[in-house]
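> quick one, fold the following:
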Amino acid sequence: MGDVTRFVITTYKHLHRMSEAEMCEHKGIGHPDSLCDGVAEAVSLALNRAYLQAYGRIQHYNVDKALLIGGESLPRFGGGQVLTPMRLILCGRASPLPDAGLAELVRGAAYRYLSENLRCDPALFEIECAVRTGSPNLQQAFARGMSHALANDTSFGIGFAPYSPLEKQALQLGTLLHSAEFQARFPAAGDDYKVMGARVGDRMTFTVALALIDREIRHAADYFAIKHAIAEHLRATLVSPCDLAINTLDDPNASGVEGIYLTVSGLSAEQGDDGQVGRGNRMNGLITPCRSMSLEAVAGK
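Model prediction:
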């Protein structure tokens, strides 16, 4: 192939309206998949800075693989405990640094990201670095690309614009759930949340999963009261006709911690879920299966 980068832009009028049904999803910053994406990108940026300082230019690396293994916890009204820490394994390839170890750089970047973006204690995570030195041929390709950049992999990207009304609304809910104003108003709301939107005809429905923090909740009735108040607050931001439900897996007759979405840390990864790079939001903040979208992870490259 020649040295040609080709962009193709196809214009459709109201593409989302061509279908009777539409779906999209947004995963919040504390979702296990989002945590993997965020940490991988933080390690990538740390490597960029280290390479520029050491060599004056970026060296070969890819740190776009990560696995978050959920821990074990014991939620309790008024405050429980995490019994087994969450384990985050970062994998990839990176050119060596002359005056710094890769493992220390990776773990340091990961812990900084967690401490700056989550409200729980980053010590609840065990960080394992499995980043190894890249193959000589790839490092050599970067070294040869002084005057003309050489690609070490195939890659393509697909996007769309503008957002549909459903997509705008899903992003708006995600932004609200992450806002300082919302967190101050509802301190029981955790950092792990997910918004799923669906449209059939003109009617939109949103399902929100939101981890609640046990130390902020006194008993089951308190949980349901807080959940109701959060749902009403979110509904007030939606356009009509629109429906919203929150934590729909809850047992409405629950009197204890069983049957409700209660966590110690505000993260489902403490016991309920695991994560991987590339399963979360695309660069536009959404997962849009009804649209043309890139399937490969962006974070960590």
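
> tell me what the host helix or strand of residue 83 is packed against?
Assigned by DSSP states H and E, residue 83 belongs to strand 81-84. Judged by 3 or more CB pairs under 8 Å, 6 or more residues apart in numbering; DSSP states H and E, strand 81-84 is in contact with strand 72-74. Any C-beta I mention is one placed from the backbone N, CA and C, and that applies to glycine too.

> which stretches of the stretch 1-150 of the chain aren't confidently modelled?
For the stretch 1-150 of the chain, the stretches flagged by pLDDT under 70 are 1-6, 11-18, 142-143, 145-147, 149.

> which residue ranges of it form strands?
21-27, 61-69, 72-74, 81-84, 86-94, 125-132 (DSSP state E, counting those that start in this stretch).

> select, out of those strands, the one closest to residue 295.
Nearest to residue 295, of all these, is strand 61-69, at 13.0 Å by CB to CB.

> returning to what we had before: mind putting the strands of the stretch 1-150 of the chain into CSV with mean neighbour count?
Output for these, formatted as CSV (neighbours: other CB atoms under 10 Å):
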stretch, mean neighbour count
strand 21-27, 21
strand 61-69, 22
strand 72-74, 16
strand 81-84, 15
strand 86-94, 21
strand 125-132, 18
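
> in TSV, list these along with distance to residue 204.
Shown next, in TSV, are these (distance: least, CB to CB, whole Å):
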stretch	distance to residue 204
strand 21-27	9
strand 61-69	31
strand 72-74	34
strand 81-84	37
strand 86-94	34
strand 125-132	36
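
> of those, which is nearest residue 148?
Of these, the one closest to residue 148 (CB to CB) turns out to be strand 61-69, at 19.7 Å.

> so what does the closest one touch, helix or strand wise?
Counting by 3+ CB pairs under 8 Å, 6+ apart, strand 61-69 packs on helix 32-55, strand 86-94, strand 275-276.

> please repeat the previous calculation with a cut-off of 6 Å.
Here strand 61-69 touches helix 32-55, strand 86-94, going by 3 or more CB pairs under 6 Å, 6 or more residues apart in numbering; DSSP states H and E.

> on that earlier part again, so what are the sheet partners of the strand holding residue 83 and their directions?
strand 72-74 (antiparallel) (DSSP bridges).

> what's in contact with the partner strand?
Outside strand 72-74, the residues that touch it by CB atoms under 6 Å, 6 or more residues apart in numbering are 80, 81, 82, 83, 84, 264, 270, 271.

> go again using 10 Å as the cut-off
With contact meaning CB atoms under 10 Å, 6 or more residues apart in numbering, strand 72-74 is reached by 80-86, 124, 214, 257, 262-265, 267, 269-272.
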